[in-house]
Each structure stands twice: as C-alpha cells, then as structure tokens.
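Chemist: Structure for this input, please:
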Amino acid sequence: MNMILRVRSSNGTERVTIDSSCAFSELVRQLSEKCSIPLERLSLYRDLRDKNPLGNHRTRQTLKAMKLNHGDMLFIKTRVDTLPSSAASSITSPTSSTVSTPMESVVLDEVDRKLARSDGLIERPRNPLLCNHNDKGRCVHCSPLEPYDADYLSENKIKYLSYYSHLKKKRGGSNGRFVQMEDMDCKIKPGCVKHPPWPEGICTQCQPPAVTLNQQEYRHCDFIEFESASIVERFIGYWRETGHQRVGFLYGRYDVETHVPLGIKSIVSFIYEPPQNTDPKSIEFLEDPYQPVVDEIARGLGLTCVGWIFTDLQALSRADGTVRSLRNKDTYFLSAQECIHAAHFQNNYPSPSDVSRDGRFGSKFTTVCVSGNTANTIEMFAYQVSNQCMALVRDNILQPAREHPGMAYVKQSSAEQYVPDVFFREKDEYGNVVTKEARPLPVDYLLLQLPAGTPKDGQKEPLMPGGAGEFPVFHRRAVDLEIFKQYYRAQPDEKFLESLSDINVLLFLCTNDTLSFREHMTDICNAIRTGDRGVVQAFKESPIWLTLEQILAVDTDLTAAPGGDTWNCSVCTLINQASKTVCEVCGTPKSG
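Modeler: Residues are numbered from 1 along each chain as shown. So this is what the prediction gives:
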C-alpha cells in the first residue's frame, strides 16, 4: 500500500510516495536523488534528538516492519567523514570547497549578525502588586516577553513586526530552526522537456501556481534616521528656490533600532542628487556617469545606498509657507509607478540572508516622499514595498493602471510571457472578506509604512557636517575652480576636516578636469570616518594639495566641471555646454 512520508532537511521539506512493503534502502536511495546527497552521507532519524539513525542505504528491512506509517515526519542529517590530518592535508581546495553549502558563503551585514545572535527578549520589572517572589525570582507577571508579543506591540503602537522578530516567531515551534524564507516566483520553471516551450505548451510541473497576495506583517527596516535636519532642509531647498520637484539617493549605514524589538534602522549621512530633468509636476532620471564615483566615496566612508527620496510639494500659501495635502487616505500614498520604482530599487539592493536558498531575502532599501500632510505642513512619509510586490516587479507582471494613480494592474498572459492568476483579499461593503482578481490592484495593499526623522536620543555629531557656507550641490549648477576657491578661502584652518566632509566637495575633487584627487580619496574618507585631524592635516601639507593651492592662488578661467564651460537652463536646470545657444532638452534660449 502506498504511503506518503514527509522528510525534512536543511534545504526544506520533501514528500516521498513509496510502498510500505519497500525496503528502507529504497527510501534512502530516492531521498538521495531528490536531495542530491550521497548515499553514504545520508542518515534518517525519527527525531532530531535521537543519536542513532533508523538505518542506512544497506538496511533491507521493510518500512512496514520498521513501523513507519502514512504521514510520518523523518529528519535527514548529512554525515561528513572525518579524515586523519595527513589525509586531510592532501585534499586540494577545489575538492574541499564542494563540501560547504551556499549558506556558508553568505556575508551578512553587521547589523544582521548582531540581531541573529540576540534573543530579543523584552525585559519587564518586578511588579510589586502581583509578584509574590524575591528579586531573583520570575513569574508570569515579570518574565521577559518574546519580541513578537502582540500586546506589547499594540501598547507601544508598533504596527509591524521587525524582520528578526518575524523570523523568531516562525522558529517558535519545535524544529523551527529549519524554517527557510522563500521568495514568490511567478515565472515558468525552465528545462521542462515534456512539451514544447510556451506558448505551445505548459504543464503543472513547470506552471507557476496562482498567487493570493497577503498584507505583509513585518518589515526589513523599522526607522529612517537622518543624522541632521539640515540634510533634508538642503534637499527641500531646491523646491523652495525653483518650484520644481527633486529626487535623490540616501547614503548611510544600518544599525539596531532600540525602540522596536530586534529592529533595524537606516542612518542617513548624505543625499546625492543624480542628473535629472524636473518641472513642478514630474521628474525624469538622466544617465549618471558619476554614480560609480559616489559609490566608491561611500564605501570609503563605510556607507552604502540605503534608500531614495523625492518631493511632491505644491505651495498653498507663500506667505505662511503652507503646502497642499496631496497624498492622504482619500487620494493615495504612493502611486503605482512609484511603487514599481521602489520595488525595482529594492530588488537591486537585496538583503543578504542565511535562511534563504539563494542567499538573499527582501531588502532594507527604503522610499521617502516629502509632501504636505493634513495640517498643510511639510512632512516626510517613509515606505517599503512588500516582498510579494518585489517579486511581481522582478518578474515584470505589474504595471500602473490607467484608472487611478494609486491602482496597479497585473498583466495578462501573452505569447511572450505566461502570467499566473493573482488575487487579493479585501472587505466588501457588508464587512465580508472577499477574494478579487488583481486587475486592478490597490497599491496600498503592497505598502509598509515606517517612521522617519532625526535622532530620537538627542542630536549627534553628523558624519558629514560640511564647512562654513554651503558648497553648491552637484547637478544643480555648474561648479568651477573659482567657486571652489571661494568656498575654500571661507573655511577656518582648524575646520579643514569639516570643509571636506561634504559629498559635493569630495565629488568635485574626484571629477574636476584640473587636478583629480580620486587616487587619494581612500585616505580622505578614512580620516572623515574616524575624525582623525592629524591625517587630514598631513594631507593638507601633501604635494598634491599644495599644488591645488598654487592653482587657486592664480586667477584662472579653468573650469572644474567635466566637458568644459557650461551654463544652467533657467527652466529645466539642465547643465548645457557653453557652445549651445538653446537648452538641449527644453529649447529655452541661453540667458545672458
């Protein structure tokens, strides 16, 4: 009689259909093929705590005689043979590397390593009214709470679990350490030889299953902390000056968020504004030749790209500085196009994970929208999109709907691409939960909100404070040696370190045509990161910096912006070559 046995290993759970009269060795052989484990290394146990296996690939006893029944759960342990030291030393590195699993090669972020080692328990003080024990005892009224405790989260107004709280919750049961996080897959499995390729054929083995979207209960980042309010003020200043919208990338680092159990926060040190065409209602990204240089500088500072930020502001009254509330529960929070952009960026910056088959799961990358709130003041609204949204965008099956900015639409299957059915659940007018097809799909279903602001524990010294006066922001206007000369001459000698602590200054030093400091940027960034004024002072006395000072001492028309003299369009702010009499994008005549 056929029966189904469940078998769990470090790679997940498999189901094996086998006759109860078969020998145990036949079960081991099938599992060896399914799990790609050599016969001699595979051992089966009824319980992980058992020291002796049920048998091996030579056991001829039948499954029925071993009292294995339909639905039983077995556990696989892989055995690694121990070798004498002389034999082990003779094994070459390629051979030994095949024994290690892909999980061992995953390099986690520092904050992930910290939280993976933490139990996340929430300590509670002894209750003098309810606790009837001494100070060293514990009871139900004062014992620590799990980081996913629903009552604690509700009392502290924490809407979402942190990722590691969610992971610990999934691992809460027995044998929970085998839990793996898997991304949703909406593509046809390649390599099926039972039929011609799509659209001529498809089968249940290669066809992706129908998808029912769920509102995600956890998030990978729990707070966005800007080191200084001036970082955002400088960014918003462009809209205040021109009335045009603006977009930028957030560079910073990740750390533990203490206000959320096992939480993660991103600490933003600076905003980099890439080349872009802007107007009062839209933004267009342009090709950016400086992005690799910015990433190189960020790595030297110990930073990475942690998110992106954009404005959607419309003045209500210039007199009192109020703005219109454009994004609220009656309109939308993020448009479908912005959600797709956010998912695209999150897919480009995945989080490394040692509990996923491919070594990555989800993303800590965040989206910040600067817009008007219901009080008509400027506020930052921070979001992430769910892992399911990332999968829909990755597999190219989600697109904006025409009906409303806050609605998306799942594509129909075509000859070029098979698209599985996608559903979501919502309450109807009678309060009943109904399942609907995601054509269209409200993007709020895919959003995760998180707070953003300045440090909660008081003002800290920012990594990039900048010098006296503001150096012009790259891609807002042309920057030449004369502008740098004016900025440098305004800095006190004792503030030389601070004067270099500006991404726009560092980018200018790396990309100017007169004297590039790119080869010396590692030393500069290390000095900024550690605050070592001695290193910076030694650099100031180096031959290359003395050469720059000699150049600045001479009146010169040499330009520092790549490509020679330029001028900024007064309408779209594009940086045009001096030889152009009209703007290359919008056609506005050159002023002056």
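Chemist: Now the phi/psi pair for L448, please.
Modeler: When read as degrees, to the nearest 10, the backbone of L448 gives phi -130, psi 120.
Chemist: Local confidence estimate at it?
Modeler: For L448, the pLDDT comes out at 95.
Chemist: now swap in the one 4 residues further on and tell me
Modeler: pLDDT, the model's per-residue confidence, is 94 for A452.
Chemist: show me where the stretch 351-500 of the chain has strands.
Modeler: 366-372, 378-385, 398-400, 407-410, 422-427, 433-437, 441-442, 447-450, 452-453 (DSSP state E, counting those that start in this stretch).
Chemist: Pick the most deeply packed of the ones you listed.
Modeler: strand 366-372 (a mean of 23; mean count of other C-beta atoms under 10 Å). Backbone N, C-alpha and C define where each C-beta goes, glycine included.
Chemist: on that earlier part again, rebuild the strands of the stretch 351-500 of the chain as a markdown table, extending it with distance to C142.
Modeler: Shown next, in a markdown table, are the strands of the stretch 351-500 of the chain (distance: least, C-beta to C-beta, whole Å):
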| stretch | distance to C142 |
| --- | --- |
| strand 366-372 | 36 |
| strand 378-385 | 35 |
| strand 398-400 | 48 |
| strand 407-410 | 48 |
| strand 422-427 | 39 |
| strand 433-437 | 39 |
| strand 441-442 | 44 |
| strand 447-450 | 31 |
| strand 452-453 | 33 |
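Chemist: between those strands, which one is nearest to S228?
Modeler: Nearest to S228, of all those, is strand 452-453, at 11.5 Å by C-beta to C-beta.
Chemist: what sits against V433?
Modeler: Neighbour list for V433: R425, E426, K427 [criterion: C-beta atoms under 8 Å, 6 or more residues apart in numbering].
Chemist: so what's it bridging to?
Modeler: Per DSSP bridges, residues listed as beta-bridge partners of V433: K427.
Chemist: any idea how far Q215 is from it?
Modeler: 12 Å (C-beta to C-beta, to the nearest Å).
Chemist: next one: G71
Modeler: Per C-beta to C-beta, G71 is found 32 Å from Q215.
Chemist: ok, now how distant is D149 from S143?
Modeler: Distance from D149 to S143, by C-beta to C-beta: 11 Å.
Chemist: So between those two, which is more surrounded?
Modeler: Taking other C-beta atoms under 10 Å, D149 and S143 do not tie; D149 has more neighbours (16 against 12).
Chemist: what's the closest non-adjacent residue to that one?
Modeler: For D149, ignoring the flanking residues on the chain, the nearest one in space by C-beta to C-beta, 6 or more residues apart in numbering is I122 at 6.8 Å.
Chemist: Could you look up the next helix or strand downstream of the helix or strand that contains S165?
Modeler: Here S165 sits within helix 163-170, counting by DSSP states H and E. Counting by DSSP H and E, the element after helix 163-170 in chain order, helix or strand, is strand 211-213.
Chemist: neighbouring strands for the helix or strand following that following strand, and are they parallel or not?
Modeler: Counting by DSSP H and E, the next helix or strand C-terminal to strand 211-213 is strand 218-219. According to DSSP bridges, strand 218-219 forms sheet pairs with strand 161-162 (parallel).
Chemist: ok now the strand it pairs with, how far from the chain's centre?
Modeler: In terms of C-alpha atoms, centre = their mean, to the nearest Å, the centre of strand 161-162 is found 15 Å from the chain centre.
Chemist: what's next to that strand, contact-wise?
Modeler: By C-beta under 8 Å, 6+ apart, strand 161-162 touches 147-148, 153, 169, 217-219, 222, 257, 260-264.
Chemist: tell me the average confidence for it?
Modeler: Rounded mean pLDDT across strand 161-162 is 95.
Chemist: Over to stretch 400-417?
Modeler: In the prediction, stretch 400-417 has an average pLDDT of 92.
Chemist: got the CA coordinates for that stretch in PDB?
Modeler: Only the C-alpha atoms of stretch 400-417 are listed here, as PDB (Å, rounded to 0.1, in the frame of the first residue of the first chain):
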ATOM      1  CA  PRO A 400       0.400  51.100 -13.500                       C
ATOM      2  CA  ALA A 401      -3.400  51.200 -14.100                       C
ATOM      3  CA  ARG A 402      -4.900  53.900 -16.200                       C
ATOM      4  CA  GLU A 403      -7.900  54.400 -13.900                       C
ATOM      5  CA  HIS A 404      -6.100  55.900 -10.900                       C
ATOM      6  CA  PRO A 405      -2.600  56.700  -9.800                       C
ATOM      7  CA  GLY A 406      -3.000  54.500  -6.700                       C
ATOM      8  CA  MET A 407      -4.000  51.500  -8.700                       C
ATOM      9  CA  ALA A 408      -1.800  48.900 -10.400                       C
ATOM     10  CA  TYR A 409      -2.700  46.200 -12.900                       C
ATOM     11  CA  VAL A 410      -1.400  42.600 -13.300                       C
ATOM     12  CA  LYS A 411      -0.600  41.900 -16.900                       C
ATOM     13  CA  GLN A 412      -2.500  39.300 -19.000                       C
ATOM     14  CA  SER A 413      -0.700  36.300 -20.400                       C
ATOM     15  CA  SER A 414       0.700  36.700 -23.900                       C
ATOM     16  CA  ALA A 415       2.700  34.700 -26.400                       C
ATOM     17  CA  GLU A 416       5.900  36.200 -24.900                       C
ATOM     18  CA  GLN A 417       5.100  35.600 -21.200                       C
END
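Chemist: Show me which residues of that stretch are buried.
Modeler: P400, A401, P405, G406, M407, A408, Y409, V410, Q417 (16 or more other C-beta atoms under 10 Å).
Chemist: just to revisit the earlier point, identify whichever of the strands of the stretch 351-500 of the chain lies nearest to N132.
Modeler: strand 447-450 (41.0 Å).
Chemist: elements contacting the closest one?
Modeler: Strand 447-450 sits against strand 378-385, with contacts defined as 3 or more C-beta pairs under 8 Å, 6 or more residues apart in numbering; DSSP states H and E.
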